[in-house]
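> Below: sequence and its predicted model.
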Amino acid sequence: MAHHHKSNKQVEQNPDTGHSRGMPRRPDEEELDERTREDRDEVREEKREEREER
């Protein structure tokens, strides 16, 4: 049976370029909070537009 998993070296981020070869890095808490705020704002705007159409 063939081995299908990449080695740690193959998936580690390249420190010289900042590009990852594997899973994207998890955003920090501040970035997560900002994304959440943006998502909530988008939903509020969509709901407001729906109400205006009625």
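Arrived safely.
> Starting from the helix or strand bottoming out on mean pLDDT in the chain, tell me the next helix or strand along the chain.
Lowest by mean pLDDT, DSSP states H and E among the helices and strands of the chain is helix 8-11, with a mean of 60. Remark: after helix 8-11, the chain's next helix or strand is helix 29-53, criterion DSSP states H and E.
> Tell me which residues are up against that following helix.
Residues outside helix 29-53 that contact it (Cβ atoms under 8 Å, 6 or more residues apart in numbering) are residue 27. C-beta coordinates here come from the backbone N, C-alpha and C atoms, glycine included.
> Name the residues of that helix that are buried.
Buried residues in helix 29-53, counted by 16 or more other Cβ atoms under 10 Å: none are found.
> I'd like the average pLDDT over that helix.
Averaged across helix 29-53, pLDDT comes to 93.
> Make 46 the starting number, not 1.
All right, first residue 46 from here; so that's helix 74-98.
> Quick check: residue 83 vs residue 95, distance?
Counting by Cβ to Cβ, to the nearest Å, the gap from residue 83 to residue 95 is 19 Å.
> Check residue 87 too.
For residue 87, the distance to residue 95 equals 13 Å [Cβ to Cβ].
> ditto for residue 74
With the distance defined as Cβ to Cβ, residue 74 ends up 32 Å from residue 95.
> ok, now residue 80?
On the measure of Cβ to Cβ, residue 80 and residue 95 end up 23 Å apart.
> for residue 84, same thing?
Using Cβ to Cβ, one obtains 17 Å as the distance from residue 84 to residue 95.
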